[in-house]
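Trainee: Give me the fold of what follows.
(one chain, ligands or ions: 2)
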Amino acid sequence: MFKRLFGRGQDAPRTEEEAAREEQQVNQSLEKSRQGIFGRISQMFATDDPVTEELWDELEEALIQGDVGLETTLYLVNRTKDRVNRYGTKKANEARDMLKAEMVRVFQDQVRPPATQIPKPFVVLVVGVNGAGKTTLIAKLAHRYKERFGKRVLLAAGDTFRAAATEQLEAWAERAGVPCVSLGQGADSAAVVYKAIDAAMEQDSEVLIIDTAGRLQAKYNLMRELEKVRNIIARKLPDAPHETLLVIDATTGQNGVLQAKAFLQSAGVTDVAVTKMDGTAKGGIAFAVAQDIERPIRYLGTGEKIGDLAMFDAQTFVDGLFR
Ligand SMILES: Nc1nc2c(ncn2[C@@H]2O[C@H](COP(=O)(O)OP(=O)(O)OP(=O)(O)O)[C@@H](O)[C@H]2O)c(=O)[nH]1
Ligand SMILES: [Mg+2]
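Mentor: Ligands and ions are numbered 1, 2, ... in the order given. All right, here's what the predicted structure looks like:
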């Protein structure tokens, strides 16, 4: 079976070994969620007791507590109920499989066909609120593109606002063994991007990943700066950025999703990465992300190390919540 292994420009069959390793990473990162609300849901549906109205109420309550969000919760409960009634299912453990199938569907509504041609350089713009995990994700992506695909990767230190942001990205670049273009703190981020695209063409880089600030003095400025960065990129490479990744910290819950929404328009977000899945018991946030942000979740951050990254796979994720 061919599963999507990388971002939109980098589809490749995933070997069984890779799939198994990622599954394990995802399962481990969902440990807290399993110990919390999702473990409880699993138990509610573990027996062959009859399905009751009370069970649906309990499910609704648990999903909301699990940060799935009200709208998505009602959607899930109603659809599962419908299915159960349609098939005349009587037992809770049979209803569980139907609930899982509906959960997988929430994500599949967002799946998009893979790109047919991979441009060079393939430009990835990474955006999100401060502390979401952008810079760490960039390191993980760089590592993966380089190690797994043998791609020539270049990083651009577009966060010129926060003190030490440039140094942080440079340190990660060194660890990943890839070059990094920077102009230091206080420089114009559009100038960094301009220079990085020139460097990418000169060095024949295959993937260019651009870091951005998560915060400026005012939110309005940040959105304007992102627009400016996008314009510079598009002026030099008309179809770029080819992927704009919105990074969302799973531990920030519903509020984090709300904040992330502000980026959708200004930043032209195409895909989402959910980070710190290992740090929360509310793994249900991924459902709220899929439904509210309306972009495919592409990656899961499963830890702080450079290898702690998994491609998001809806079935693996839902299975992980119920294991
Ligand atoms: N446990 C865990 N921690 C993570 C993960 N991803 C990032 N972090 C941690 O989150 C913190 C913030 O990560 P950064 O990558 O610096 O976040 P950022 O979005 O670049 O932040 P700013 O540059 O301030 O906007 C760091 O301490 C990371 O180690 C993850 O998947 N799991
Ligand atoms: Mg950063």
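
Trainee: tell me which helix or strand of the protein sits lowest on mean pLDDT?
Mentor: The least trusted helix or strand in the chain, going by mean pLDDT, DSSP states H and E, turns out to be helix 263-267, with a mean of 87.

Trainee: Quick check: residues of the stretch 51-200 of the chain near ligand 2?
Mentor: Residues of the stretch 51-200 of the chain lying near ligand 2 by CB under 5 Å from the ion: 134-135. Every C-beta, even on glycine, is put in place using the N, C-alpha and C of the backbone.

Trainee: mind running it again at 8 Å?
Mentor: 130-131, 134-136, 159, 162, 165, 168-169 (CB under 8 Å from the ion).

Trainee: any chance of those residues in JSON lines, plus neighbour count, secondary structure and pLDDT?
Mentor: Shown next, in JSON lines, are those (neighbours: other CB atoms under 10 Å; DSSP: H, G, I helix; E, B strand; the rest coil; pLDDT from 0 to 100):
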{"residue": "130", "neighbour count": "16", "secondary structure": "coil", "pLDDT": "92"}
{"residue": "131", "neighbour count": "17", "secondary structure": "coil", "pLDDT": "95"}
{"residue": "134", "neighbour count": "27", "secondary structure": "helix", "pLDDT": "97"}
{"residue": "135", "neighbour count": "23", "secondary structure": "helix", "pLDDT": "97"}
{"residue": "136", "neighbour count": "22", "secondary structure": "helix", "pLDDT": "98"}
{"residue": "159", "neighbour count": "25", "secondary structure": "coil", "pLDDT": "95"}
{"residue": "162", "neighbour count": "16", "secondary structure": "coil", "pLDDT": "88"}
{"residue": "165", "neighbour count": "23", "secondary structure": "helix", "pLDDT": "95"}
{"residue": "168", "neighbour count": "17", "secondary structure": "helix", "pLDDT": "97"}
{"residue": "169", "neighbour count": "26", "secondary structure": "helix", "pLDDT": "97"}
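
Trainee: Now do the contacts for residue 185.
Mentor: Counting by CB atoms under 8 Å, 6 or more residues apart in numbering, residue 185 makes contact with 160-166.

Trainee: Thanks a lot, catch you later.
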